[in-house]
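A.B. asks: Quick one: sequence plus predicted model below, questions after.
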Amino acid sequence: MSLTQIIGFRLVTAEPERLAVFYRAIGFEVGEANPIPRQEMAVLGLQGSGSRRAMALGPSRVDLDVFDRPGHAYPIGANASDLVFQHLALVTSDIEAAWHRACHAGATPISRTGPVQLPKSAGDVVAVKFRDPDGHPLEFLQFPLGAKAAWSGSGVMGVDHSAICVADVAASERFYVSHGLSEGERSLNHGPTQVALDGLDDVEVEVVPMNPSKQPLHVELLGYRHPTAAAGAGLSANDIAATRFVWRAERAALLRDPDGHLHQLTR
(Lines give C-alpha, C1' and ligand atoms only; values in the text may rest on other atoms or scores of the structure.)
Protein backbone atom coordinates (compact mmCIF):
# COMPACT_ATOMS: atom_id res chain seq x y z
CA MET A 1 0.00 0.00 0.00
CA SER A 2 1.76 3.15 -1.22
CA LEU A 3 1.27 6.51 0.48
CA THR A 4 1.84 8.97 -2.34
CA GLN A 5 0.25 12.29 -1.34
CA ILE A 6 -0.78 13.94 1.91
CA ILE A 7 -3.93 15.96 1.21
CA GLY A 8 -4.54 17.27 4.72
CA PHE A 9 -4.70 16.63 8.44
CA ARG A 10 -7.48 16.05 10.99
CA LEU A 11 -7.49 17.28 14.56
CA VAL A 12 -9.89 15.96 17.19
CA THR A 13 -11.55 18.45 19.51
CA ALA A 14 -14.18 18.47 22.22
CA GLU A 15 -14.79 22.21 21.77
CA PRO A 16 -15.01 22.99 18.04
CA GLU A 17 -16.30 26.54 18.49
CA ARG A 18 -13.36 27.48 20.71
CA LEU A 19 -10.84 25.96 18.32
CA ALA A 20 -12.51 27.55 15.30
CA VAL A 21 -12.02 30.96 16.93
CA PHE A 22 -8.36 30.18 17.65
CA TYR A 23 -7.51 28.92 14.16
CA ARG A 24 -9.36 31.78 12.50
CA ALA A 25 -7.28 34.19 14.59
CA ILE A 26 -3.99 32.72 13.33
CA GLY A 27 -5.01 32.84 9.67
CA PHE A 28 -7.23 29.88 8.80
CA GLU A 29 -10.53 30.10 6.95
CA VAL A 30 -13.05 27.98 8.88
CA GLY A 31 -16.08 26.35 7.25
CA GLU A 32 -19.41 25.17 8.61
CA ALA A 33 -19.88 21.87 10.45
CA ASN A 34 -21.02 18.86 8.43
CA PRO A 35 -21.72 15.25 9.51
CA ILE A 36 -18.95 12.68 9.18
CA PRO A 37 -20.30 9.87 6.96
CA ARG A 38 -21.29 6.67 8.74
CA GLN A 39 -18.95 4.64 6.52
CA GLU A 40 -16.02 6.80 7.63
CA MET A 41 -16.94 6.37 11.29
CA ALA A 42 -16.71 2.63 10.72
CA VAL A 43 -13.24 3.02 9.12
CA LEU A 44 -12.16 4.98 12.20
CA GLY A 45 -13.45 2.20 14.46
CA LEU A 46 -15.87 4.53 16.24
CA GLN A 47 -19.46 4.20 17.37
CA GLY A 48 -22.00 7.01 17.34
CA SER A 49 -21.69 10.06 15.13
CA GLY A 50 -19.37 12.96 14.45
CA SER A 51 -19.14 16.27 12.65
CA ARG A 52 -16.36 18.08 10.83
CA ARG A 53 -15.33 21.65 10.09
CA ALA A 54 -12.99 22.06 7.14
CA MET A 55 -10.29 24.70 7.60
CA ALA A 56 -8.07 26.15 4.88
CA LEU A 57 -4.71 27.89 5.17
CA GLY A 58 -3.52 28.79 1.69
CA PRO A 59 -3.22 25.45 -0.17
CA SER A 60 -3.40 23.42 3.05
CA ARG A 61 -6.42 21.77 4.64
CA VAL A 62 -6.84 20.90 8.31
CA ASP A 63 -10.17 19.54 9.58
CA LEU A 64 -11.63 19.80 13.07
CA ASP A 65 -13.48 16.61 14.07
CA VAL A 66 -15.80 16.29 17.06
CA PHE A 67 -17.51 13.08 18.17
CA ASP A 68 -20.64 12.55 20.26
CA ARG A 69 -18.74 9.81 22.11
CA PRO A 70 -15.56 11.71 23.06
CA GLY A 71 -12.23 10.10 23.79
CA HIS A 72 -9.47 11.16 26.17
CA ALA A 73 -8.19 14.70 26.62
CA TYR A 74 -4.65 15.56 25.55
CA PRO A 75 -2.31 13.91 28.12
CA ILE A 76 -1.39 16.26 30.95
CA GLY A 77 2.35 16.84 31.22
CA ALA A 78 3.23 15.45 27.78
CA ASN A 79 6.26 17.20 26.32
CA ALA A 80 7.94 17.68 22.94
CA SER A 81 9.88 14.39 23.13
CA ASP A 82 6.99 12.08 24.08
CA LEU A 83 5.72 9.59 21.51
CA VAL A 84 2.25 11.11 21.55
CA PHE A 85 3.72 14.37 20.22
CA GLN A 86 2.78 15.39 16.67
CA HIS A 87 2.91 18.96 15.46
CA LEU A 88 1.85 20.79 12.32
CA ALA A 89 4.52 23.18 11.02
CA LEU A 90 2.93 26.39 9.69
CA VAL A 91 5.01 28.61 7.40
CA THR A 92 4.92 32.37 7.93
CA SER A 93 6.72 35.36 6.46
CA ASP A 94 6.62 37.24 9.79
CA ILE A 95 7.04 34.94 12.76
CA GLU A 96 6.98 37.69 15.36
CA ALA A 97 3.59 38.92 14.15
CA ALA A 98 2.21 35.38 13.86
CA TRP A 99 3.47 34.51 17.35
CA HIS A 100 1.90 37.66 18.82
CA ARG A 101 -1.50 36.78 17.29
CA ALA A 102 -1.31 33.18 18.49
CA CYS A 103 -0.51 34.25 22.06
CA HIS A 104 -3.36 36.77 22.01
CA ALA A 105 -5.71 34.02 20.77
CA GLY A 106 -4.85 31.66 23.64
CA ALA A 107 -1.77 29.68 22.57
CA THR A 108 0.26 27.96 25.29
CA PRO A 109 4.03 28.20 24.70
CA ILE A 110 6.20 25.10 24.37
CA SER A 111 9.33 27.06 23.45
CA ARG A 112 10.96 28.86 26.36
CA THR A 113 11.82 32.22 24.84
CA GLY A 114 9.49 32.71 21.86
CA PRO A 115 10.85 32.42 18.29
CA VAL A 116 14.45 31.21 18.03
CA GLN A 117 16.95 31.30 15.17
CA LEU A 118 18.18 27.76 14.50
CA PRO A 119 21.69 27.11 13.14
CA LYS A 120 22.38 26.19 9.50
CA SER A 121 22.72 22.53 10.51
CA ALA A 122 19.05 22.64 11.60
CA GLY A 123 17.82 24.46 8.50
CA ASP A 124 18.70 28.08 9.35
CA VAL A 125 15.03 28.77 10.09
CA VAL A 126 13.35 30.82 12.80
CA ALA A 127 10.89 28.64 14.73
CA VAL A 128 8.62 28.55 17.76
CA LYS A 129 6.51 25.70 19.17
CA PHE A 130 3.22 26.11 21.04
CA ARG A 131 -0.13 24.45 21.71
CA ASP A 132 -3.65 25.35 20.70
CA PRO A 133 -6.36 25.57 23.43
CA ASP A 134 -6.97 21.80 23.24
CA GLY A 135 -3.27 20.94 23.58
CA HIS A 136 -2.45 20.11 19.94
CA PRO A 137 1.18 21.08 19.24
CA LEU A 138 1.91 23.56 16.45
CA GLU A 139 5.02 25.25 15.11
CA PHE A 140 5.57 28.46 13.20
CA LEU A 141 8.48 28.39 10.72
CA GLN A 142 10.07 31.32 8.92
CA PHE A 143 12.48 30.20 6.22
CA PRO A 144 15.40 32.34 5.03
CA LEU A 145 14.37 34.70 2.24
CA GLY A 146 14.29 32.82 -1.06
CA ALA A 147 15.05 29.45 0.52
CA LYS A 148 11.79 27.81 -0.57
CA ALA A 149 10.04 29.04 -3.71
CA ALA A 150 6.77 27.39 -2.65
CA TRP A 151 6.56 29.77 0.32
CA SER A 152 7.06 33.18 -1.27
CA GLY A 153 3.88 34.91 -0.08
CA SER A 154 3.11 36.86 3.07
CA GLY A 155 1.36 36.14 6.37
CA VAL A 156 0.79 32.58 7.58
CA MET A 157 0.81 30.69 4.28
CA GLY A 158 0.23 26.99 4.90
CA VAL A 159 1.42 23.69 6.38
CA ASP A 160 4.94 22.58 5.41
CA HIS A 161 4.96 19.22 7.21
CA SER A 162 3.85 17.30 10.26
CA ALA A 163 6.52 16.04 12.66
CA ILE A 164 6.07 12.96 14.85
CA CYS A 165 8.12 11.57 17.72
CA VAL A 166 9.30 8.01 17.21
CA ALA A 167 10.91 5.46 19.52
CA ASP A 168 13.14 3.81 16.90
CA VAL A 169 14.15 5.92 13.91
CA ALA A 170 15.36 2.93 11.87
CA ALA A 171 12.12 1.00 12.42
CA SER A 172 10.04 4.03 11.45
CA GLU A 173 12.17 4.61 8.35
CA ARG A 174 11.56 1.01 7.27
CA PHE A 175 7.83 1.44 7.78
CA TYR A 176 7.58 4.62 5.71
CA VAL A 177 9.93 3.38 2.98
CA SER A 178 7.81 0.22 2.71
CA HIS A 179 4.81 2.48 2.05
CA GLY A 180 6.51 4.42 -0.73
CA LEU A 181 8.21 7.37 1.01
CA SER A 182 11.86 8.28 0.55
CA GLU A 183 14.33 9.61 3.10
CA GLY A 184 15.44 13.23 2.93
CA GLU A 185 18.51 14.88 4.39
CA ARG A 186 18.73 14.07 8.09
CA SER A 187 20.15 16.25 10.84
CA LEU A 188 21.11 15.90 14.50
CA ASN A 189 19.77 18.93 16.38
CA HIS A 190 21.11 19.94 19.78
CA GLY A 191 22.46 22.89 21.69
CA PRO A 192 20.96 26.01 23.29
CA THR A 193 18.60 26.91 20.43
CA GLN A 194 17.07 23.41 20.32
CA VAL A 195 16.70 23.47 24.12
CA ALA A 196 14.85 26.78 23.85
CA LEU A 197 12.69 25.56 20.94
CA ASP A 198 11.60 22.29 22.60
CA GLY A 199 11.36 23.63 26.14
CA LEU A 200 13.48 20.70 27.38
CA ASP A 201 16.94 20.35 28.92
CA ASP A 202 19.96 18.78 27.15
CA VAL A 203 18.06 18.06 23.92
CA GLU A 204 19.55 15.82 21.25
CA VAL A 205 17.13 14.85 18.49
CA GLU A 206 17.62 13.15 15.13
CA VAL A 207 15.36 14.68 12.47
CA VAL A 208 14.61 12.61 9.35
CA PRO A 209 12.29 13.95 6.61
CA MET A 210 10.27 11.25 4.86
CA ASN A 211 9.00 12.42 1.49
CA PRO A 212 6.03 11.01 -0.43
CA SER A 213 6.32 10.98 -4.22
CA LYS A 214 3.94 13.95 -4.45
CA GLN A 215 5.06 16.88 -2.32
CA PRO A 216 5.43 19.45 -0.75
CA LEU A 217 3.66 18.05 2.34
CA HIS A 218 5.82 15.48 4.10
CA VAL A 219 6.46 13.65 7.36
CA GLU A 220 9.33 14.41 9.72
CA LEU A 221 10.55 11.76 12.15
CA LEU A 222 11.81 13.09 15.49
CA GLY A 223 14.01 10.58 17.27
CA TYR A 224 14.95 12.02 20.66
CA ARG A 225 18.18 10.57 22.03
CA HIS A 226 17.74 12.82 25.05
CA PRO A 227 15.46 13.25 26.88
CA THR A 228 14.08 9.74 26.59
CA ALA A 229 10.56 9.65 25.16
CA ALA A 230 7.71 8.55 27.38
CA ALA A 231 5.97 5.43 26.07
CA GLY A 232 2.93 6.19 23.94
CA ALA A 233 -0.48 4.84 24.85
CA GLY A 234 -2.59 3.34 22.10
CA LEU A 235 -4.75 6.17 20.80
CA SER A 236 -8.34 5.81 19.70
CA ALA A 237 -9.35 7.94 16.72
CA ASN A 238 -11.61 10.05 18.98
CA ASP A 239 -8.82 10.97 21.45
CA ILE A 240 -7.73 14.61 21.35
CA ALA A 241 -4.10 13.60 20.72
CA ALA A 242 -5.06 11.37 17.76
CA THR A 243 -4.09 13.77 14.97
CA ARG A 244 -4.43 12.05 11.59
CA PHE A 245 -2.53 12.40 8.34
CA VAL A 246 -4.98 12.24 5.42
CA TRP A 247 -3.72 10.55 2.25
CA ARG A 248 -5.22 10.30 -1.21
CA ALA A 249 -5.78 6.61 -1.87
CA GLU A 250 -7.82 4.15 -3.91
CA ARG A 251 -9.65 2.83 -0.86
CA ALA A 252 -10.65 4.00 2.59
CA ALA A 253 -8.59 2.64 5.50
CA LEU A 254 -6.93 3.59 8.78
CA LEU A 255 -3.24 2.78 9.17
CA ARG A 256 -1.00 3.02 12.25
CA ASP A 257 2.76 3.42 12.15
CA PRO A 258 5.03 1.60 14.66
CA ASP A 259 4.37 4.27 17.33
CA GLY A 260 0.63 4.46 16.79
CA HIS A 261 0.46 7.66 14.73
CA LEU A 262 -2.66 7.54 12.56
CA HIS A 263 -2.86 7.72 8.77
CA GLN A 264 -6.29 7.93 7.19
CA LEU A 265 -6.56 6.80 3.59
CA THR A 266 -9.44 8.32 1.64
CA ARG A 267 -10.83 8.44 -1.84
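C.D. replies: It's in.
A.B. asks: nearest residue to Pro133 other than its sequence neighbours?
C.D. replies: Closest residue to Pro133 apart from its sequence neighbours, by Cβ to Cβ, 6 or more residues apart in numbering: Gly106 at 5.0 Å. Every C-beta, even on glycine, is put in place using the N, C-alpha and C of the backbone.
A.B. asks: Would you map the helices across this structure?
C.D. replies: Along the chain, counting by DSSP state H, helices occupy 16-25, 38-43, 95-105, 169-178, 192-198.
A.B. asks: And the average pLDDT for the first one is what?
C.D. replies: Per-residue pLDDT over helix 16-25 has a mean of 98.
A.B. asks: for it, packing partners?
C.D. replies: Under the contact criterion of 3 or more Cβ pairs under 8 Å, 6 or more residues apart in numbering; DSSP states H and E, the helices and strands touching helix 16-25 comprise strand 29-35, strand 50-57, strand 60-67, helix 95-105.
A.B. asks: 10 Å instead?
C.D. replies: Using 3 or more Cβ pairs under 10 Å, 6 or more residues apart in numbering; DSSP states H and E as the contact test, the elements touching helix 16-25 are strand 6-12, strand 29-35, strand 50-57, strand 60-67, helix 95-105.
A.B. asks: picking up where we left off before, tally of neighbours for the residue nearest to Pro133?
C.D. replies: By the criterion of other Cβ atoms under 10 Å, Gly106 has 14 neighbours.
A.B. asks: wait, what's in contact with the residue nearest to Ser121 when sequence neighbours are not counted?
C.D. replies: Among residues not flanking Ser121 along the chain, Ser187 sits closest, at 5.8 Å (Cβ to Cβ, 6+ apart). If you count contacts by Cβ atoms under 10 Å, 6 or more residues apart in numbering, Ser187 has them with 118-123, 205-209.
A.B. asks: gap between Ser187 and Gln47?
C.D. replies: Shown here: Ser187 relative to Gln47, a distance of 43 Å by Cβ to Cβ, to the nearest Å.
A.B. asks: hang on, the earlier thing: right, and the helices of the chain - which one's nearest Ala80?
C.D. replies: When the helices of the chain are compared by Cβ to Cβ, helix 192-198 sits nearest Ala80, at 4.2 Å.
A.B. asks: got the contact list for that closest one?
C.D. replies: Outside helix 192-198, the residues that reach it (Cβ under 10 Å, 6+ apart) are 79-81, 85, 110-119, 122, 127-129, 139, 188-189, 200-205, 207, 222, 224, 227.
A.B. asks: Kindly state the pLDDT recorded for the residue nearest to Pro133?
C.D. replies: At Gly106, the predicted lDDT confidence score is 97.
A.B. asks: mind listing what it touches?
C.D. replies: Contacts for Gly106 were tallied using Cβ under 10 Å, 6+ apart; they are 18-19, 21-22, 25, 131-133.
A.B. asks: cool, and Lys129?
C.D. replies: Under the criterion of Cβ under 10 Å, 6+ apart, the contact list for Lys129 reads 80, 85, 87, 89, 107, 109-112, 115-116, 137-140, 163, 196-199.
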